[in-house]
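Trainee: Structure for the following, please:
(4 chains)
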Number of protein chains: 4
Amino acid sequence: MLVVMKDHARAEDVQHVVDLLTEAGAEAHLSQGEVKTIIGVIGDREVIYTLDLEGLPGVEQVIRVLKPFKLVSRDFQAEDTVVRVGPSSIGGGAFGVIAGPCSIESEEQMVSTARAVKAAGATMLRGGAYKPRTSPYAFQGMGVEGLRLLRIAGDEVGLPVVTEVLDVRDADTVAEYADVLQVGARNMQNFMMLDELGTMKRPVLLKRGLSATIEELLSAAEYVLKGGNRDVILCERGIRTFETYTRNTLDLGAVSALKTLTHLPVIADPSHASGRRELVAPMSRAAVAAGADGLMIEVHPDPERARCDGPQSLIPVAFSSLMEDLRPRLALEHKRLGVDG
Amino acid sequence: MLVVMKDHARAEDVQHVVDLLTEAGAEAHLSQGEVKTIIGVIGDREVIYTLDLEGLPGVEQVIRVLKPFKLVSRDFQAEDTVVRVGPSSIGGGAFGVIAGPCSIESEEQMVSTARAVKAAGATMLRGGAYKPRTSPYAFQGMGVEGLRLLRIAGDEVGLPVVTEVLDVRDADTVAEYADVLQVGARNMQNFMMLDELGTMKRPVLLKRGLSATIEELLSAAEYVLKGGNRDVILCERGIRTFETYTRNTLDLGAVSALKTLTHLPVIADPSHASGRRELVAPMSRAAVAAGADGLMIEVHPDPERARCDGPQSLIPVAFSSLMEDLRPRLALEHKRLGVDG
Amino acid sequence: MLVVMKDHARAEDVQHVVDLLTEAGAEAHLSQGEVKTIIGVIGDREVIYTLDLEGLPGVEQVIRVLKPFKLVSRDFQAEDTVVRVGPSSIGGGAFGVIAGPCSIESEEQMVSTARAVKAAGATMLRGGAYKPRTSPYAFQGMGVEGLRLLRIAGDEVGLPVVTEVLDVRDADTVAEYADVLQVGARNMQNFMMLDELGTMKRPVLLKRGLSATIEELLSAAEYVLKGGNRDVILCERGIRTFETYTRNTLDLGAVSALKTLTHLPVIADPSHASGRRELVAPMSRAAVAAGADGLMIEVHPDPERARCDGPQSLIPVAFSSLMEDLRPRLALEHKRLGVDG
Amino acid sequence: MLVVMKDHARAEDVQHVVDLLTEAGAEAHLSQGEVKTIIGVIGDREVIYTLDLEGLPGVEQVIRVLKPFKLVSRDFQAEDTVVRVGPSSIGGGAFGVIAGPCSIESEEQMVSTARAVKAAGATMLRGGAYKPRTSPYAFQGMGVEGLRLLRIAGDEVGLPVVTEVLDVRDADTVAEYADVLQVGARNMQNFMMLDELGTMKRPVLLKRGLSATIEELLSAAEYVLKGGNRDVILCERGIRTFETYTRNTLDLGAVSALKTLTHLPVIADPSHASGRRELVAPMSRAAVAAGADGLMIEVHPDPERARCDGPQSLIPVAFSSLMEDLRPRLALEHKRLGVDG
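Mentor: Have a look, this model is predicted:
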C-alpha cells in the first residue's frame, strides 16, 4: 500500500499516519520529496485491507498495490487449473462447451436437447431449474422437478450437468442432482453463497456480475478457494454499458486479461452477452481466439416456445454447425474439446 | 406489448406471430401500414412477460409498454406510503434520517454514536453486523454479537434500528434484533431473499444495485410487495459509472423520477455514493432538494479507527451541524423529521 | 509520478527506469522494500506527461500524482473566479440563470422568450443557431440568421447572450454576435477549438462531455486558460450511463467536487441531463443545494412546436414559478442572482 | 414512429397528436385497444426526426422505428463496400492492416517503422501528426512537418498513409499528404468536420466515440455519405466503461453487429482499446474471428522512448509474429490481406 500525502503535508500528519500503521501491525517506509511525502506500507493482506486511511488529515490518496486476492493468482500458482467432472474437463488445453436451454421445461425438451448437443460435441449439459427474473410475474423455473429432469437428460447421454444455485438454502439439494454449481451474475457478490460453495465438493461456475470489475470477479473466486474448493470456472457473460443494441457488452479483453492474471479456467457466454441469435456464432469464434477455455451456449429445440431467452437460443442444427466451425479454430489455439475418448 | 415487424414482412410471418399470441392466451391487434405492420398485444402481465417473440422470423423489435411491476406503482396507489417503525416514520412528509457507523465494533462505539445521532435529530440508528466485502481478507462484521450491541444502543436512546441481512438464512435472526431489514446493493436482485422478506413483518430498506435501472429497482420492490409486505423504503446509493473521482455517482434524477413513479418512500445514501467525507453534506442537501424522503448517513466517533468506510464517515459534531443545516431546507420541502413528540 | 515495480523486480530493470527518467530530465527517488521497489519521480508537468513508462520491463504500475492541469486548480488560485458579462456575473456568490430555447426559430419566438425569461429573473439569454444533431436528417439550426435574431432579442431586454460554437471556423462570426461562447458536450475535447477560444476575448461556457471524467473536464478548461482566457464557466449536463429512463444522469457529486477542485464557476443543465420536463424543477433545486453557481434551462413559448428538445423545455410560466421557488434556496446558500441593480 | 399514449388517454389528447402530425406533413394511423391507444406515424425521415412529441399531454412514449440513417444501411446497399487506396483495399474479403506509431517523431523512426510493417505484411501505414491529448502539457504532435515525414515513409515502401485530421481547418493540408483521413474518437460527432470530409475525395477512417452507440456511429458515417463521399471505414476502438484494468473495453459484439447493419468495412483497434501490449495479439485474433475487415495496430521501433502510447505499442518483431499468426485465421474467414500482387 502507498499513502500519498498532500503537497507540503505537515510533519505531524505524516507522523500520525505512521503511528496508526504501526499500531495496526504494519510497517511504514517513508520516502520524502521536496513537495510530496509518500509512505510505503508493508503488512499482511488482512491488515492492509482493514485499514482505511483515505480520510486522514494530510492524506491525498491511498493506493493499494497488493491485490485483494492471492490463491486465484498466477503468481501463487503458475500452471493452469484443470477442472475435471466425470469424462469432461475445462482448462489447460481442454476446451469445454456447456450447452442446453435457458430453462428446463419438460423431460422431452431436456432429453432431445441433450442428445442433440452431445451429438454436436458439447462437453456438458446446462439447464436452469431456478431462474432469476427481473419481474416477479415472469416464469421462475420448475425447481426440484427441473433438477430431476436435468439429471435424467444428462445421464441419458453421459454428460455432466451444470445448473444455477439461486438460493444458498438450496445448495445441498442442487448438489444432489448437479455436477457443477453455477453462481449467476446477480449473485457474484453474494458472499455467503460463495462461502458455502467453498466448503462443498462440487466445481463452481462463477459468472461475472453485470458491473463487476476483473478484480472483483477474482476476489469473488478467492472466497470459494479460501473455503477449500479449488475448482472454480470463471465466466465472462457481458457487462452493462450504455450500448443498447446488444443486451450486454461481451468483454473479451477481460477474458484475455484473466488468462494472464489467474490460473483458473475462463469461459465466455455469448448468448447472454449479446441477446441476439445472429451474434452467438461470431462471438463464440471471437471468444476462442481471445483465449477462452470454453463456451456456454443456449440451445433450445423450439426457441419460439422457449419460456426464457428464446431470442438468443440456437436451434440444434445451428449449434451443430457452430461446433463444426469451431474445430479448426480450437486447433489453432492448441486446444481440444474437453471430453474423454 | 408491441411487436414491430420488419419492413414488408411476409403475411405468413405476421400470421405466425398472431397464432403464437393467441395460443398463449393474449389478444393480437393488427395495425398495417404500407411498409410496416405493428401488432398490439393485450394480455395479463404474467402472459406478456413469459412471451419471447424477439427471435421470430420477420420480427424486428418487441416493445413492452406494460411495466414489469404493478403494486409499487403510483397508478396502483396514488397516495404516499408511510413506513412507521415505533416512534419514527418515513414518507408522506415525514423525513427519516438513519445514522450510525458502517460496521458495529463495540458496545461503547455503538452507544456513544447512538447518543450523538439521537441528540442531533436522527430518526433511526444504523450499524452493520454482517458486512459484504469485496475481499475475503477484509473485516466481515461481528455477526450476532453485533446485532445484540445494535439493539442495546437503539434501546438506550429509543431509536429503531436498521441493519443489513446478508444471508437469507439469517433473516429470522436479524429480525429478532432489528426493526428494519436492509437489503444491500449487491443483493438487490437476490430474488429468493426478496421473496423471504416479502413474508416477514418487518419493513425493508431496499438499496439500488450498482448497475440497476430504475425499472429493475421497482421490480425488486415488487417482489417484496407481492409477498404481502407493503413496507418498503427505496434507497439510491450511487451507481457505477466511468467516473473514478467519486466512489459512485449519486443519481438524484432517479430519486425525483422514483417519486413520480412509485408511492414508496425514497431515501438517499450520500456516504456510500461519494466515498468522500467532504461531499456528504452537499449531497445530503441536494437529496433533500431533489425530493428525497430521507437520508442514510455514516457517523463514527473515531473514523480513523473505523474498521470500514472511515473516509466517508462524519464525526458526531459534523453530523450535528449537517442536521442543523437541513432543518430550514426540510421546511422548504414541507417536510418534517419523522419522529414523534 | 510513482513507478511501482513488480514484486522482486530485477535491479537492472529498476536502473533502466531510473536512466530513462534522468535522460528525460526528471529526478528519480528510490524507495526499496523487501518485495517492492517504488520510484518517486519529480519533474515538470510537461516532462511527466510525455513519459510513458507503463510498458517497461519490471514495471507494474505508473501512478501520476501530479494533476494534468494547473491554472484551473484551487491550489493555484484560492478565491473564486467571477465571470462578468455586461450587467451579469457568475461565480463568487453570483448565481447565473441562462435561459432560452434549444434552437432559435424566429424573431417572434426569441423576443417573446427573452421578455419572459428576463421578467422571471434570468441573467442571460441562450439560443442555438448551430445545432449538433445525431442524425443528418434532423434540423441543424438557422446559422448566422439565428445569431442575428439572438442578438436582437438580447438587446431588446438587456440580457447578455450565450450560444454554441459548433465549428471552429465560425468562432469569430459567433463572437461578433454573442457575449459568451458555448462549447458543447461533443466538442469538450475538440482541443483545436479550445486553443482558439483561449485566444479570444469572450467568456467560454464549457460543457462536460457525455463520458468525460472530472479530470478531463478540468484539463479541457486548462487548454483555454493556458491560451490566456481566464473566463471559463464549467457546466455539468449529465453523463452517459446504463440508465435509460432519464436521457442522461445528472452528476451533482461532480458539481460539489468541482467546487473543491477549481476556482472556476460551475453550473448545471438539468434540461439536457434529464430530458424530461417534470424533472427540470427538482433537479434545479438539487443543483442549487449541491453548490452550483448557476443553471442553464431550456424555455420555449410553445414546446409542442419546438424544433428541438421540446420534451424537456419549460413554458415561460413554469420557468417563472421555478425562479420564484429558487429564491429562498439561493438565500440559504448565501447567493444572489448575478444581475446588476 | 410509434406514439404510445398513456393508459386511458383522453380522446382530445389523441386528436391533438394526430393534428400536430398532420400539420407537419406526416400520416397518422390509429390503433385503439381498451386501455392503450397507439399511433403509427408514416412520413419522411426528415419530418420524423424534427418532430418532438414526447412531452405532449397524454403521451407516454415515442418510439422511432425508422433509423436515423439510410445510405450506410445494408437495406440500402446489400453488397459490401470496398474502399480502395492505391494498391490497398479494405472490405469485401480484403483485410486491411494499418500499422505504425502513435505519433510521428522523426524521419528515421517513420522510415524504419514503414519498412518493418511493410515487410511483415501491413497494407497501410499510420502515424499521428496532430495528437489529441487530454492535458495541454502533453506532446501535441509535429504538425505539417510530421505529415511530410509520413508521406516520405509511405512513398519509400509503397504503402498508402493514414493520419488524423484534428482540426477541420487543416483538412485540405492533411489531404495533400495523406491517402486516408482519420476522424478520431473525440471528433466522431464533430458534425462540421464530417460535413467537410463528405465533400472531399479521400476515404475517411471514422473511429467510434468513447461513449457512442452503434446507432450514433452509423449516423456519423451517414453525414459523410450524405455529402457524397462513399468511402468510409468504421473503426471500433474500445468504449468507456467502469472497468479500469484495460484502458477501454473493446466491443467486438459491435463489430459483428455492424457487419449485419451496414455495408461499410469495419476494422478494430486493439492497441487503443486495451492500452496493454500483452492484449494486442489476442484481441487482434478475436477481432478477425468476430468478422472485422481490418486492424489498426500501433508499432514503434523503440516503445520505451515513444512520445505517446508506448505501453501498448508492439515492436516490429512482435508485429511480424502477429501477422504470421493471423494468416491462417484470415483463411478461415475467407479473407486475404488487402494488397495487390
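
Trainee: near chain B at all, the host helix or strand of residue A:146?
Mentor: Using DSSP states H and E, the element containing residue A:146 is helix A:144-157. No. Helix A:144-157 lies out of reach of chain B by C-beta under 8 Å from any C-beta of the partner chain, never closer than 14.2 Å. Quick note: C-beta positions are derived from backbone N, CA and C, even for glycine.

Trainee: so where does residue A:257 fall, helix or strand?
Mentor: Take DSSP H and E as the rule and residue A:257 turns out to sit in helix A:252-261.

Trainee: Please identify the next secondary structure element, helix or strand, after that helix.
Mentor: Next element after helix A:252-261 (DSSP H and E): strand A:266-268.

Trainee: Mind listing the strands that following strand pairs with, and their directions?
Mentor: strand A:232-236 (parallel), strand A:294-298 (parallel) (DSSP bridges).

Trainee: Need the contact partners of that strand.
Mentor: In this structure, residues lying in contact with strand A:266-268 by C-beta atoms under 8 Å, 6 or more residues apart in numbering or on different chains are A:90, A:96, A:98, A:205, A:233-237, A:250, A:252, A:255, A:258-259, A:283-284, A:287, A:290-296.

Trainee: quick one on the thing from earlier: ranking the strands paired with strand A:266-268 by burial, who's on top?
Mentor: Highest mean neighbour count of the strands paired with strand A:266-268: strand A:294-298, a mean of 28 (counted as mean count of other C-beta atoms under 10 Å in any protein chain shown).

Trainee: Report the beta-bridge partner residues of residue A:63.
Mentor: residue A:2.

Trainee: which ones are touching it?
Mentor: Residue A:63 makes contacts with A:1-4, C:2, C:4, C:63, as judged by C-beta under 8 Å, 6+ apart.

Trainee: 10 Å instead, please
Mentor: A:1-4, A:38, A:41, C:2, C:4, C:38, C:61, C:63, C:65 (C-beta atoms under 10 Å, 6 or more residues apart in numbering or on different chains).

Trainee: so which of the residues you listed is the most crowded?
Mentor: residue A:3 (27 neighbours; other C-beta atoms under 10 Å in any protein chain shown).

Trainee: and the closest residue to that residue other than its chain neighbours, what element?
Mentor: Excluding the flanking residues, the one nearest residue A:3 by C-beta to C-beta, 6 or more residues apart in numbering or on different chains is residue A:39, at 4.1 Å. Following DSSP H and E, one finds residue A:39 within strand A:37-42.

Trainee: what's the angle between that strand and strand C:37-42?
Mentor: Interaxial angle, strand A:37-42 versus strand C:37-42 (axes from the mean of the first three to the mean of the last three C-alpha atoms, to 10 degrees): 170 degrees.

Trainee: Lowest-scoring secondary structure element of chain A by mean pLDDT?
Mentor: helix A:45-48 (a mean of 70; mean pLDDT, DSSP states H and E).

Trainee: mind listing what's buried in it?
Mentor: Neighbour counts over helix A:45-48 (16 or more other C-beta atoms under 10 Å in any protein chain shown) mark A:45, A:47-48 as buried.

Trainee: Export those residues as TSV, with columns for distance to chain B.
Mentor: Putting the buried residues of helix A:45-48 into TSV (distance: C-beta to the nearest C-beta, whole Å) gives the following:
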residue	distance to chain B
A:45	5
A:47	9
A:48	8
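
Trainee: Reformat those residues as JSON lines; add distance to residue B:210.
Mentor: Formatted as JSON lines, the buried residues of helix A:45-48 follow (distance: C-beta to C-beta, whole Å):
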{"residue": "A:45", "distance to residue B:210": "24"}
{"residue": "A:47", "distance to residue B:210": "27"}
{"residue": "A:48", "distance to residue B:210": "24"}
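
Trainee: Please enumerate the strands of the stretch 151-300 of chain A.
Mentor: With DSSP state E, counting those that start in this stretch as the definition, the stretch 151-300 of chain A shows strands at residue ranges A:161-164, A:180-183, A:204-207, A:232-236, A:266-268, A:294-298.

Trainee: For residue A:127, grab the count of nearby residues.
Mentor: 31.

Trainee: tell me the contacts of it?
Mentor: Per C-beta under 10 Å, 6+ apart, neighbours of residue A:127: A:99-105, A:109-110, A:113-114, A:141-142, A:146-147, A:149-151, A:153-154, A:161-164, A:178, A:298-299.

Trainee: Any figure for the gap between it and chain C?
Mentor: As judged by C-beta to the nearest C-beta, to the nearest Å, residue A:127 and chain C stand 29 Å apart.

Trainee: where does the stretch 151-300 of chain A come near chain C, residue by residue?
Mentor: Neighbours of chain C within the stretch 151-300 of chain A, by C-beta under 10 Å from any C-beta of the partner chain: A:210-211, A:239-244, A:248.

Trainee: which of those come close to chain B?
Mentor: A:210-211, A:239-242.

Trainee: Can you tell me which of the residues you listed has the most neighbours?
Mentor: Within these, residue A:241 tops the neighbour count with 26 neighbours, counted by other C-beta under 10 Å.

Trainee: Buried residues of stretch A:299-316, list them for me.
Mentor: A:299-301, A:303-304, A:306-314, A:316.

Trainee: In helices only, show me those residues.
Mentor: Among the buried residues of stretch A:299-316, DSSP state H puts residue A:316 in helices.

Trainee: Kindly indicate which of the buried residues of stretch A:299-316 lies nearest chain D.
Mentor: residue A:312 (11.9 Å; C-beta to the nearest C-beta).

Trainee: can I assume residue A:157 is in contact with residue A:120?
Mentor: No. Using C-beta atoms under 10 Å, residue A:157 is not in contact with residue A:120, being 11.3 Å away.

Trainee: who's in contact with the closest residue to residue A:20 other than its chain neighbours?
Mentor: Nearest residue to residue A:20, sequence neighbours excluded (C-beta to C-beta, 6+ apart): residue B:304, at 6.5 Å. When contacts are counted by C-beta under 10 Å, 6+ apart, residue B:304 is found next to A:16-17, A:20, A:51-53, A:55-57, B:310-311, B:313, B:315.

Trainee: How confident was the prediction at residue A:35?
Mentor: Residue A:35 carries a pLDDT value of 68.

Trainee: what's around the residue nearest to residue A:3, how many residues?
Mentor: Applying other C-beta under 10 Å, we find 22 residues neighbouring residue A:39.

Trainee: Could you verify my assumption that it touches residue A:19?
Mentor: No. Residue A:39 is beyond contact range of residue A:19, at 11.4 Å (criterion: C-beta under 10 Å).

Trainee: where do the contact lists of these two overlap?
Mentor: residue A:28.

Trainee: and of the buried residues of helix A:45-48, the nearest to residue D:323?
Mentor: Nearest to residue D:323 among these is residue A:45, at 42.3 Å by C-beta to C-beta.

Trainee: name the element the nearest residue to the closest one once chain neighbours are set aside belongs to?
Mentor: Distances taken as C-beta to C-beta, 6+ apart place residue B:137 nearest to residue A:45, at 4.6 Å, with adjacent residues excluded. Residue B:137 belongs to no helix or strand when assigned by DSSP H and E.

Trainee: How much space separates residue B:137 from chain D?
Mentor: Residue B:137 sits 20 Å away from chain D, going by C-beta to the nearest C-beta.

Trainee: do residue A:29 as well
Mentor: 26 Å.

Trainee: One more: residue A:44?
Mentor: 24 Å.

Trainee: how about the helices in chain A?
Mentor: A:11-23, A:45-48, A:107-120, A:144-157, A:171-177, A:191-198, A:214-226, A:252-261, A:270-274, A:277-289, A:316-332.

Trainee: quick one: buried residues of the fourth one?
Mentor: Which is helix A:144-157. A:146-151, A:153-154, A:157.

Trainee: Save those as CSV, and put in pLDDT and distance to residue C:229 too.
Mentor: Formatted as CSV, these follow (pLDDT from 0 to 100; distance: C-beta to C-beta, whole Å):
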residue, pLDDT, distance to residue C:229
A:146, 97, 67
A:147, 98, 69
A:148, 98, 74
A:149, 98, 71
A:150, 98, 68
A:151, 98, 72
A:153, 98, 71
A:154, 98, 70
A:157, 97, 73
